[in-house]
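Q: Need a 3D model of the sequence below.
(2 chains)
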Amino acid sequence: MPLAYAQEGKLVRIVAIRAGKGLHRRLHELGIIEGNLVRVIKTQGPGPVIIEIVNNSSYVSKRNFPPYRPIATGGRLLLGFGVAMKIMVEEV
Amino acid sequence: MARESRRVKIALAGIPNVGKSLIFNRLTGGRAWVGNWPGVTVEKKVGTLRVNGAEIEVVDLPGIYSLTAYSVDELIARNFIVEEKPDVVVCIVSAINLERSLYLALSLLELGVNVIIDLNMVDLAEKEGYRIDYKKLESLIGVPVVPTVATTGQGISRLKEAIVKAIHEKKVQVRIVDYGRIVEEAISKIEEVIKDLAPKLAEKYPARWIALKLLEGDSDIVGKVSKLPAGKEIIDKANQLREIIGKKIGDPESYIVKQRYEKVLETVKAVVEKVAALKVSMTDLLDSILTHKIVGIPFALSAIYLLFRFAFEVSAPLADLVDAAINSYLHDLVLGIHGLPDWLTSFLADGIIAGVGAVLVFLPVIAFFFLGFAILEDVGYMARVAFLVDKVFHKFNLPGKAVIPLIIGFGCNVPGVMAARAIEDENERKTTALIAPLASCNARLPVYLVIGGAVLGASAGFAVLSLYVLGIILALIVGLLLRKTLFKGVSSGFIMELPLYMMPRLSNVAIKTWERTKRFLFKAGTVIFLATVMVWLLSVTGPGGYLGPEALEDPQLIRESWVGILGQSLASTVFSLMGWDWRAAVALFFGFIAKEIVVSSMAILYGVGEEKLMDVIAESQAFTPLTAYAYMAFVLIYVPCLATLATVRNELGLKYAFLALIYEVLLAYVVSLSIIGIGSVLGFK
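A: Numbers count the residues shown, from 1 in each chain, chains lettered A, B, ... in the order given. Reported below is the predicted structural model:
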């Protein structure tokens, strides 16, 4: 499923990036890497998304409520509709 | 020693939104001069840091994420570092955006740069519930780290000390990332070849870095190496190794970036300490409303409406004051000087003072508009607006970001066109710069108000609003057409750092307001000044020779000036279908120079002051409601002003300035004619 279709508030894993060389690299450098977790903060689904990259490391603590929020040291990114369509994700 | 013969130079680097300009101002006292980067017309800011009696030149590099050859800004930064060899590069790292910031820091270290790290916004990290052990960070990456809070100035003096210290103690960490055995072996092999065959290149760049870039397939470095005498041999070797390691690790470029990112994550994990349980943050709370699927857009429209109201209401007294000072006091002062020849008095009073005055009257409203905009921007709201409109803009093959030049264009089109620079993709940037002039700027409003007020009566307000909407709709349609023809390509991808909501920072707001307002002032001072002189000349002379300044007072006499003749021929030919008065046609001609001049030239042509113009137009019945609305639409669409065209030329080149001129005039003509055609069919008069 493209990231553009992911639901608000969901945690998703990036499975593939279908982009040209330049964008592919840019996304990697921003931390959008196959296998990483991403929290969808806002979406206009299907449409642009606001995401927070949750690293596979131990920042995620399920005790934090609501709903549960990892310590995000990575800041937030706004991805336009076009980009969000090129990133394939799966729900976790 | 060669070293002492040049000034000590440092550079500031950082990803977008880390407070780089604030740090720059804190270091240099805000006094910067602006130049262009060699070879490109991207502005560079340079200032002076004075510390312990020494003068250090500070260069502000563009906001970048990395040092690849894919983006112009990154290439600029990279070439600057390699060619100019700054003594120190201060990498500004955001404590609330650690990962991406550190990625850039590592990229700088690999390039063999003497880096010190300014860990900024540490206060915000604590608000988010964590702290960064900066001493540990220092030991992990082996360069000095100074925590700061740029907004309050905390830590700035320590940063200055660290800079001075680093100038004398160069630390280099090119081996900061370990890429694993397979890649490291390939790197060493290429390094050896480079040192053997291209020793000069290895002096300029660290050999390890070139080796890495060759493995990554960096187009700029591959190109530079190929030009060397031994280039082919080096490239062949690199390609051979690329293929070998590619079989084991997949695409080498992708692998290398991932490894570098792993190093970042490892570092972040080691230095971040959680200090507090998280509450729901203010940003989340605000975003639940402001970026809401349904209420988000209406809210944005209200915010922009409020921005306009704020600009007009607050600036009104100031605008009146400027008007009185220039158009009454200064004007009368010049008229009162005895002994000047008639033509000179008229030239000064009716040409220069009236012309430039007509423009300067807009200064307060434009300044307040940009002040309001800068506050919205600094608070973090504008990035959200880009998010809200992206879905709609996407249908027109434009990124959501393109909305920002359009909104700035509501204030003044000149900074609007320039704001298109922030769009990375070349085709999208050019398209946005070309459509930004369709945003109805403050200078067009008086034309709507005078003519709408005189002819449309109660529906004037609605008519004016409809023109703002028309401008945006046309911008999107023209944008789509351009993206389908001249600037083809799918939307390349719009990625933007989303800041947390923050209180507006005074110095930031002041700088942004001033930078945009000064473009308008500059335009009033140059293009419009020259143009008004031309208008005056063409009004007081005609085919019959010099008519004298009386022409400006006498509507009959001015018919015989160049201007009068031009207007009458325009009205009876190209504009004959529109049914506009010749004076209105002449005013349009002058409106090429600046829309502000439309109203003042009409006042001259009708032989009244601007304050009585509305009554005169209403009485003269020169317009019917339908022709008036068509006229207002024409004013909206055809060339905003010479200064905007000049800006398009600076940004995109002469060819595109012509393109803008031609498409806008044609579009204005077609739209006005359609309004009249469709209007008459529907029974409007």
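Q: going forward, measure contacts and count neighbours with C-alpha atoms only.
A: Fine.
Q: for chain A, what are the low-confidence residue spans?
A: A:55-73 (pLDDT under 70).
Q: so what's the spatially most central residue of it closest to, chain neighbours aside?
A: The centroid of chain A falls nearest to A:Val38 when counting by CA atoms, centre = their mean (3.2 Å). Nearest non-adjacent residue to A:Val38, counting by CA to CA, 6 or more residues apart in numbering or on different chains: A:Ile53, 4.6 Å away.
Q: ok, residues contacting the helix or strand where that neighbour lies?
A: Following DSSP states H and E, one finds A:Ile53 within strand A:49-54. Here strand A:49-54 makes contact (CA atoms under 8 Å, 6 or more residues apart in numbering or on different chains) with A:3-4, A:31-32, A:36-43, A:60, A:70, A:72, A:74-81, A:84, B:387, B:498.
Q: and whatever helix or strand comes next after it, C-alpha only, in CSV?
A: Once the chain leaves strand A:49-54, the next helix or strand it forms, by DSSP H and E, is strand A:76-79. The C-alpha atoms that make up strand A:76-79 are tabulated as CSV, following Å, rounded to 0.1, in the frame of the first residue of the first chain:
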residue,chain,number,x,y,z
ARG,A,76,8.6,15.7,11.3
LEU,A,77,8.4,15.6,7.6
LEU,A,78,5.7,16.7,5.3
LEU,A,79,5.6,14.5,2.1
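Q: is strand A:76-79 up against chain B anywhere?
A: Yes. Against chain B, strand A:76-79 shows contacts by CA under 8 Å from any CA of the partner chain at A:Arg76, A:Leu77, A:Leu78, A:Leu79.
Q: do you know how far the third one is from B:Ile404?
A: To B:Ile404, A:Leu78 is 15 Å away according to CA to CA, to the nearest Å.
Q: ok, what's across the strand from the residue nearest to the centre of chain A?
A: A:Val12, A:Ile53 (DSSP bridges).
Q: That one against A:Val15, yeah?
A: No. Using CA atoms under 8 Å as the test, A:Val38 is too far from A:Val15 to be in contact (11.1 Å).
Q: give the contact list for the closest residue to B:Gly453 other than its chain neighbours.
A: Of all residues not flanking B:Gly453 in the chain, B:Ala460 sits nearest, at 5.9 Å (CA to CA, 6+ apart). B:Ala460 makes contact with B:Leu449, B:Gly452, B:Gly453, according to CA under 8 Å, 6+ apart.
Q: how much space between the second one and B:Gly155?
A: This points to B:Gly452. B:Gly452 is 56 Å from B:Gly155, by CA to CA.
Q: quick one: which of those two has more around it?
A: B:Gly452 (25 against 16; other CA atoms under 10 Å in any protein chain shown).
Q: State the distance from the more buried one to chain A.
A: B:Gly452 is 39 Å from chain A, where distance means CA to the nearest CA, to the nearest Å.
Q: what mean pLDDT does the strand or helix carrying that residue have?
A: Using DSSP H and E, B:Gly452 sits within helix B:445-455. The pLDDT scores in helix B:445-455 average 88.
Q: just checking, next helix/strand downstream of it?
A: Downstream of helix B:445-455, the next assigned helix or strand under DSSP H and E is helix B:460-484.
Q: Packing partners of the helix or strand just after that following helix?
A: Counting by DSSP H and E, the next helix or strand C-terminal to helix B:460-484 is strand B:495-498. Helices and strands touching strand B:495-498, by 3 or more CA pairs under 8 Å, 6 or more residues apart in numbering or on different chains; DSSP states H and E, are strand A:76-79, helix B:381-395.
Q: Run through who's touching the shortest one.
A: Residues from elsewhere that reach strand A:76-79, judged by CA under 8 Å, 6+ apart: A:48-53, B:387, B:493-499.
Q: Out of those residues, flag the one nearest to B:Val379.
A: Nearest to B:Val379, judged by CA to CA, of those is B:Pro499 at 8.6 Å.
Q: Tell me who's in contact with the residue lying closest to the closest one once chain neighbours are set aside.
A: Closest residue in space to B:Pro499, ignoring its immediate chain neighbours: B:Gly380 at 5.8 Å, by CA to CA, 6+ apart. By CA under 8 Å, 6+ apart, the residues touching B:Gly380 are B:Leu498, B:Pro499, B:Leu500, B:Tyr501, B:Met502.
Q: How much space separates the second one from B:Lys85?
A: The gap separating B:Pro499 from B:Lys85 is 32 Å, by CA to CA.
Q: Which one of the two is surrounded by more residues?
A: It is B:Pro499, of B:Pro499 and B:Lys85, that has more neighbours when counted by other CA under 10 Å, with 23 against 16.
Q: shouldn't the more buried one be in contact with B:Asn17?
A: Yes. If you go by CA under 8 Å, B:Pro499 and B:Asn17 touch, sitting 7.0 Å apart.
Q: For residue 30, give me its contacts.
A: In the absence of a named chain, this looks at chain A. A:Leu30 makes contact with B:Tyr65, B:Arg100 under the criterion CA under 8 Å, 6+ apart.
Q: my bad, chain B
A: Contacts for B:Gly30 were tallied using CA under 8 Å, 6+ apart; they are B:Phe24, B:Gly47.
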